[in-house]
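**Student:** Just to be clear, the model below is a prediction. Sequence and coordinates:
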Amino acid sequence: MTMFKIIIVSILLFIVFSLGVALFAFVKKDPDSDRMLKALTFRIALSIGLLVIMMVGAQFGLISPHGA
């Protein structure tokens, strides 16, 4: 159960990191770079994956809402 929570937190950290990479690419303003697009696409994929993992974890009782 603890390993599942560590996986969720690590995915959340990857999402925040990807958002930071996209912000850095946006501020850099390189018109030929598609780095921001790739970072945001990766973030969306991670978010969808996290949602699926959390739904599966809740279904199998690995996590429960509100810490109950």
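**Tutor:** Received the coordinates, thanks. Predicted, not measured: the structure shown is a model, and the values here were computed from it.
**Student:** drop to CA atoms for contacts and neighbour counts, all remaining ones
**Tutor:** Will do.
**Student:** Mind pulling up the pLDDT for residue 68?
**Tutor:** For residue 68, the model assigns a pLDDT of 52.
**Student:** typo on my end, it should be residue 22
**Tutor:** In the prediction, the pLDDT value recorded for residue 22 is 90.
**Student:** ok, it touching residue 33?
**Tutor:** No - using Cα atoms under 8 Å, residue 22 makes no contact with residue 33, being 11.2 Å away.
**Student:** Those two: which is more packed in?
**Tutor:** Ranked by neighbour count (other Cα atoms under 10 Å), residue 22 and residue 33 place residue 22 first, with 22 against 12.
**Student:** now the helix or strand encompassing the more buried one, how far from the centre of its chain.
**Tutor:** Residue 22 is located in helix 2-28, with elements delineated by DSSP states H and E. Remark: helix 2-28 is offset 5 Å from the chain centroid, using Cα atoms, centre = their mean, to the nearest Å.
**Student:** Find the nearest non-adjacent residue to the most centrally placed residue in the chain, please.
**Tutor:** Centroid-nearest residue in the chain: residue 15, 3.3 Å away (criterion: Cα atoms, centre = their mean). Take residue 15 and drop its neighbours on the chain: the residue closest to it by Cα to Cα, 6 or more residues apart in numbering is residue 43, 5.3 Å away.
**Student:** Could I get the buried residue list for the following helix or strand past the helix holding residue 22?
**Tutor:** Sequence order places helix 35-59 as the next helix or strand after helix 2-28, per DSSP H and E. For helix 35-59, a neighbour-count test (16 or more other Cα atoms under 10 Å) marks 36, 39-40, 42-43, 46-47, 50, 54, 57 as buried.
**Student:** For residue 34, give its distance to residue 50.
**Tutor:** To residue 50, residue 34 is 24 Å away according to Cα to Cα, to the nearest Å.
**Student:** Might you report the residue contacts of residue 42?
**Tutor:** residue 18 (Cα atoms under 8 Å, 6 or more residues apart in numbering).
**Student:** try the one 5 residues further on
**Tutor:** With contact set as Cα under 8 Å, 6+ apart, residue 47 has these partners: residue 15.
**Student:** Can you tell me how far it is from residue 18?
**Tutor:** Taking Cα to Cα, one finds residue 47 at 11 Å from residue 18.
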